[in-house]
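[1] from the sequence below, what's the structure:
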Amino acid sequence: MFARKKQPKELMRAQINTLIGKDTTVVGVIKFKGGLHVIGTIKGGAESEDENSLLIINEGALVTGDIYVNHLIVNGTVEGNVYVKGKVELFDKAHIEGDVHYGLIELPVGAQLNGKLIRYDEETV
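    Here you go, the predicted structure:
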């Protein structure tokens with residue numbers, strides 16, 4: 001009667017396990033599972049091999065280095081190449097300096113991308 005319902009994969013993916021705060025700078029490559037929300041700075045990049053991984057880069061946040069993740073949401077700054085087999089969502093304050101390898105991408109008016117857009121096809125994923 002009061003059994004807990006299973007969450008769909010989309011909701012499970014949206015769970016944030018780690019937060020890098022506004023006044024925090026992490027030096028080195030961050031390796032994570034689940035969700036990572038960056039409000040501060042990462043100098044070194046971020047990697048996740050988890051198929052449900054989510055990286056959110058907030059407005060005002062900075063990530064320098066390459067990013068390897070399944071789902072990426074950006075409204076801050078990325079200085080490095082991005083490798084996303086799933087979906088890349090850019091918002092109007094997003095700024096990426098580097099190539100973006102993607103499965104699916106959303107580019108709104110105002111987002112800045114200085115690099116190549118390279119789509120993964122079924123053979124390269």
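
[2] tell me how far Gly28 lies from Gly44.
    4 Å (C-beta to C-beta, to the nearest Å). Any C-beta I mention is one placed from the backbone N, CA and C, and that applies to glycine too.

[3] which of the two has more residues huddled nearby?
    Taking neighbours as other C-beta atoms under 10 Å, Gly28 and Gly44 compare with Gly44 leading, 15 against 10.

[4] would you check that that one makes contact with Ile67?
    No. Contact criterion C-beta atoms under 8 Å: Gly44 and Ile67 do not qualify, at 10.6 Å.

[5] centre-most residue in the chain?
    Leu72 (2.8 Å; C-alpha atoms, centre = their mean).

[6] direction included, what does the one helix or strand that residue maps to pair against?
    Secondary structure assignment for Leu72, by DSSP states H and E: strand 67-74. Applying DSSP bridges, strand 67-74 is found paired with strand 46-47 (parallel), strand 54-57 (parallel), strand 82-90 (parallel).

[7] C-terminal to that strand, what's the next element?
    That would be, after strand 67-74 and using DSSP H and E, strand 77-79.

[8] which strands or helices does that next one pack on?
    Judged by 3 or more C-beta pairs under 8 Å, 6 or more residues apart in numbering; DSSP states H and E, the packing partners of strand 77-79 are strand 62-64, strand 95-97.

[9] report the mean confidence score over it.
    Mean per-residue pLDDT for strand 77-79: 98.

[10] next one: stretch 105-118
    96.

[11] same check on stretch 27-40?
    pLDDT averaged over stretch 27-40 gives 96.

[12] what is the end-to-end distance of stretch 40-56?
    11 Å (C-alpha to C-alpha, to the nearest Å).

[13] distance from the chain centre to that stretch, please.
    Taking C-alpha atoms, centre = their mean, to the nearest Å, one finds the center of stretch 40-56 at 6 Å from the center of the full chain.

[14] cool, and stretch 87-105?
    On C-alpha atoms, centre = their mean, the centre of stretch 87-105 falls 9 Å from that of its chain.

[15] who touches that stretch?
    Applying C-beta atoms under 8 Å, 6 or more residues apart in numbering, the contact partners of stretch 87-105 are 57, 59, 66, 71-86, 106-120, 125.
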